[in-house]
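K.L.:
how does the following fold in three dimensions:
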Amino acid sequence: MSVDLLVQKIKEKSNPSVAGLDPQISYVPQYIREKAYKEYGKTLKGACEAIWEYNKGLIDALYDVVPAVKPQSAFYEMYGLEGEALLHKTIQYAKEKGLYIILDVKRNDIGTTAAAYSKAYLGKTDIDGEEVEALGVDCVTVNPFPGTDGVKPFIDDCKLYDKSIFVLAKMSNPSSGEIQDLITDSGEHVYEKIAKYIDTWNSDTIGKSGYGAVGAVVGATYPEQAQVLRKLMPKSYFLVPGYGAQGGGAEGVKPCFNSDGLGAIVNSSRGIMCAYKKGDWKEEQFAEAARKEAIRMKEDLNSVL
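P.N.:
Next up is the predicted model:
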């Protein structure tokens, strides 16, 4: 299973963290923007050329430190077709550097639509008998709201193409509790019900690492809920947003891990990408600053595991 590859990379680098690649043009150093605008103007093309240089610099600085990167699709889609091409280039470049790719899309629907989403990211598209891979990332995030009918196509493709998914369970944003913390008729929170489904969906995908292909998104900002969820999903890997810029720290993410020191990968996006904006860094040192922050985060996490 793909999750075994993730665990292997985490062990090799002794680092349970993932660098989020969620680029906004305002994050890109001014000198890179000016260079791109000079050639392409302040256009979608110009913005994407600037972000491409930024992403390459970040990946070059991070690939031997972090086991994975997590592009957030929305930050590429907002630039239209140019942004879609940029996303594909970024994914391909990260794959060439040996990084595990988690594409954050939070997609889902029912029936054939869910299957089409899964083919787009995890599987292959049939073109008159020829199966062609459209994107081929290692893993995507999935919305569980449609229920089993919506999630099953993704699980099927995980089995068929050796991929994995992270299903939204308890998100890191302040208003997540408006729905996820509601009490169901059985007396459980919605996030607990989702966790039980994830554990069931995951049960026949367990790999050599002891973890399965169906993981969960569990926010670093809710450590008490994370402790409950860890018990409900002992063999699911957790993708943990909310560290750093959203306020979560190493102690807060500790409940997401199992006693083996595994079971979770913690995301930092702005904290790493924009590290050069803190302290005395020069713009030209953005990649160096990102690398230093990624190493600091690695040490911070390992200090509590």
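K.L.:
how about the helices in the stretch 101-250 of the chain?
P.N.:
111-121, 148-161, 177-180, 190-202, 223-232, 250-253 (DSSP state H, counting those that start in this stretch).
K.L.:
next, format those as JSON lines and append mean neighbour count and distance to residue 278.
P.N.:
(Glycine included, C-beta is placed from N, CA and C.) Compiled in JSON lines, the helices of the stretch 101-250 of the chain are given as follows (neighbours: other Cβ atoms under 10 Å; distance: least, Cβ to Cβ, whole Å):
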{"stretch": "helix 111-121", "mean neighbour count": "18", "distance to residue 278": "34"}
{"stretch": "helix 148-161", "mean neighbour count": "19", "distance to residue 278": "38"}
{"stretch": "helix 177-180", "mean neighbour count": "14", "distance to residue 278": "30"}
{"stretch": "helix 190-202", "mean neighbour count": "20", "distance to residue 278": "33"}
{"stretch": "helix 223-232", "mean neighbour count": "18", "distance to residue 278": "25"}
{"stretch": "helix 250-253", "mean neighbour count": "20", "distance to residue 278": "18"}
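K.L.:
any idea which of those scores lowest on pLDDT?
P.N.:
Of all these, mean pLDDT reaches its minimum on helix 177-180 (a mean of 85).
K.L.:
contacts for it?
P.N.:
Residues outside helix 177-180 that contact it (Cβ atoms under 8 Å, 6 or more residues apart in numbering): 169-171, 189-191, 194.
K.L.:
same deal with stretch 269-288?
P.N.:
Taking Cβ under 8 Å, 6+ apart as the rule, stretch 269-288 contacts 19-23, 27, 29-31, 54, 57-58, 60-62, 70, 72, 243-245, 289-290, 292-294, 297.
K.L.:
from these, which land in strands?
P.N.:
Assigned to strands by DSSP state E, the following of the contacts of stretch 269-288 qualify: 19-21, 70.
K.L.:
which of those are buried?
P.N.:
19-21, 70 (16 or more other Cβ atoms under 10 Å).
K.L.:
closest to residue 215 out of those residues?
P.N.:
Of all those, residue 215 sits closest to residue 70, with 12.6 Å by Cβ to Cβ.
K.L.:
return the distance of that closest one relative to residue 303.
P.N.:
Distance, residue 70 to residue 303, using Cβ to Cβ, to the nearest Å: 23 Å.
K.L.:
for the chain, where's the lowest mean pLDDT among helices and strands?
P.N.:
helix 177-180 (a mean of 85; mean pLDDT, DSSP states H and E).
K.L.:
list the buried residues for the helix ranked longest in the chain?
P.N.:
When the chain is parsed with DSSP state H, its longest helix is helix 44-62. Using 16+ other Cβ under 10 Å as the test for burial, helix 44-62 gives 44-59, 61-62.
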